[in-house]
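In: coords please:
(one chain, ligands or ions: 1)
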Amino acid sequence: MVNSTPYIGRFAPSPSGPLHFGSLIAALGSFLRARSMKGQWLLRIEDIDPPREIVGASSQILSTLEAYGLHWDNSVLYQSQRLEIYQRQINQLLTSDNAYYCQCTRKEIKAMGGSYDGRCGRLAQPHKVGAIRIRNRYGVAKFRDQIKGIIEVDSQFAAEDFIIKRSDGLYAYQLAVVLDDIHQQITEVVRGSDLLEPTCRQESLFKVLKQPSPDWLHLPLACAEKGRKLSKQNHAAAIDVLKPQASINAALRFLGQAEVSTEAQVSKMLEQAINQFDLSKVPRRSEILLVP
Ligand code: GLU
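Out: Numbering: from 1, shown residues only. As a prediction, the model looks like this:
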């Protein structure tokens with residue numbers, strides 16, 4: 001094809017614990033999609049929430065990916081090294097009246113019905129400290145997912161002026177993820193279905209920033225029970241670094257893909273998995289229960 005944009009995908013784990021089967025799905029799914037599109041696969045460590053981080057988790061994630069043959073392109077991007085850039089962007093958003101300070105408490109927001117009504121953004125004398133909210137002019141309520149089709153979210157949720165910097169000074173995931181997807185020129189985001197709803201907020205931010213948004217592809221989530229995804233918070237077991245072969249085939253099955261022959265070298269297994277990757281076989285469901 002002439003003039004086609006080269007594919008750039010990514011895996012963006014938060015270092016709140018070691019990789020478990022649920023995060024392997026996102027890592028392997030995004031890797032196979034990128035490589036089958038002959039694209040790049042970038043790695044970004046989303047370490048902007050120190051209270052939720054586990055010491056040593058970042059380097060453990062990197063060495064697990066290596067052991068699984070999931071080699072990334074370029075150097076790893078650490079969000080903790082981009083705080084000045086996030087702040088600069090926030091300053092611009094404040095100056096251009098696309099963001100404002102908010103001092104409402106959780107209790108006050110609850111009294112508004114749970115969804116923030118934008119009152120601090122209408123003050124004649126705006127606050128000068130507090131959390132910072134985006135003025136959500138676009139309120140994107142639907143987007144197209146590459147495997148699920150059109151996704152529509154609750155209109156109140158979509159229209160809310162959401163937080164981009166918390167009152168404790170931490171930058172919000174929504175802001176950092178969008179700025180970094182722009183910075184890394186990501187053409188398609190492949191991740192778990194727990195991030196389906198927030199995608200609308202991210203779409204709104206891309207619009208405020210006047211940047212094209214990437215394509216979206218949300219993989220099913222591995223759940224231990226209905227509505228409860230495997231996560232570092234519920235202590236999902238770390239995947240075995242010494243025997244990646246079995247986990248790779250289990251993850252392929254989960255993603256609806258044919259298994260590959262179990263080779264001593266994981267790189268050979270992945271090569272076969274890339275060659276036979278078939279997006280149309282990835283389940284559209286948002287959750288799949290794991291049978292123990
Ligand atoms: N850092 C997020 C997580 O570990 C994923 C962010 C994303 O893929 O957009 O859940």
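In: tell me how far residue 14 lies from the ligand.
Out: Taking CB to the nearest ligand atom, to the nearest Å as the measure, residue 14 falls 4 Å from the ligand. In this view, the C-beta of every residue, glycine as well, is placed from N, C-alpha and C.
In: hmm, I typed the wrong one, I wanted residue 45.
Out: Counting by CB to the nearest ligand atom, the gap from residue 45 to the ligand is 9 Å.
In: that residue touches residue 15, doesn't it?
Out: Yes - when contacts are counted by CB atoms under 8 Å, residue 45 is listed as touching residue 15 (5.9 Å).
In: quickly list what's touching both of those two.
Out: 58, 61 (CB atoms under 8 Å, 6 or more residues apart in numbering).
In: more neighbours, those two?
Out: Legend: neighbour count by other CB atoms under 10 Å for residue 45 and residue 15, higher for residue 15 (25 against 22).
In: quick one: contacts for the spatially closest residue to that one that is not a sequence neighbour?
Out: If the residues on either side of it in the chain are set aside, residue 15 comes closest to residue 57, at 3.8 Å by CB to CB, 6 or more residues apart in numbering. Neighbouring residues of residue 57 by CB under 8 Å, 6+ apart: 15-18.
In: quick check: closest non-adjacent residue to the closest residue to the ligand within the stretch 151-292 of the chain.
Out: The nearest approach of the stretch 151-292 of the chain to the ligand comes at residue 191, 3.6 Å away (CB to the nearest ligand atom). Sequence neighbours aside, residue 26 is the residue nearest to residue 191 in space, at 5.4 Å (criterion: CB to CB, 6+ apart).
In: kindly state the pLDDT recorded for residue 1?
Out: In this prediction, residue 1 carries a pLDDT score of 47.
In: follow-up on the earlier one: doesn't residue 193 make contact with the residue nearest to residue 191?
Out: No - distance between residue 26 and residue 193: 10.0 Å, which falls outside the contact criterion (CB under 8 Å).
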